[in-house]
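Trainee: Kindly generate the corresponding structure for this input.
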Amino acid sequence: MVIKFRFMEYVGAFTLTGYIIAELRSRKQETARESRYRFRAGMLICTTGITVLRGFHPCYSASLTEWGWFTGFGLFGGWIYRLRRDAVRRFCPENYARDSEALRDVCE
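Mentor: Prediction:
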């Protein structure tokens, strides 16, 4: 039972980490391709560092499987951020002149 809770803790932690890294990357003025590349590189550095540090602890072990899971959770968090950002851009038209005045009232 403890192993399941620990696994769920890692799911939440790395999903949130991916979300935060994606949010930080979106504030930069760069192309979408460059932003995705830097986000993935940041996630790989983060998950590799955590996995290596985990390997030095006497009560835990490090494995490529866990590293893959951690990286996947982080990428999932970044994907969630991109979905939310695209939805906000679609429904809050302050940057889009073609949307109606009614939608502007909803976003305020």
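Trainee: how about the helices in this structure?
Mentor: For the chain, the helices defined by DSSP state H cover 2-26, 32-56, 64-91, 101-107.
Trainee: What residues of the second one count as buried?
Mentor: When burial is assessed from 16 or more other Cβ atoms under 10 Å, helix 32-56 yields the following buried residues: S35, F39, R40, G42, M43, C46, T47, I50, T51, R54. Where you see a C-beta, it was placed from the backbone N, CA and C, and this is true even at glycine.
Trainee: Need the pLDDT of S100.
Mentor: Note for S100: predicted pLDDT of 49.
Trainee: Over to L24?
Mentor: For L24, pLDDT reads 84.
Trainee: Repeat that for F73.
Mentor: With respect to pLDDT, F73 has a value of 92.
Trainee: got the CA coordinates for stretch 85-93 in PDB?
Mentor: The C-alpha trace of stretch 85-93 is given here as PDB (Å, rounded to 0.1, in the frame of the first residue of the first chain):
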ATOM      1  CA  ARG A  85      -3.000  28.000 -22.300                       C
ATOM      2  CA  ASP A  86      -4.600  27.300 -25.700                       C
ATOM      3  CA  ALA A  87      -8.100  27.200 -24.200                       C
ATOM      4  CA  VAL A  88      -7.500  30.600 -22.500                       C
ATOM      5  CA  ARG A  89      -6.200  32.000 -25.800                       C
ATOM      6  CA  ARG A  90      -9.200  30.700 -27.600                       C
ATOM      7  CA  PHE A  91     -11.800  32.000 -25.100                       C
ATOM      8  CA  CYS A  92     -10.200  35.300 -23.900                       C
ATOM      9  CA  PRO A  93     -10.000  37.400 -27.000                       C
END
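Trainee: Quick one: distance of that stretch to the chain centre.
Mentor: 18 Å (Cα atoms, centre = their mean, to the nearest Å).
Trainee: Also stretch 68-77?
Mentor: The answer for stretch 68-77 is 8 Å, by Cα atoms, centre = their mean.
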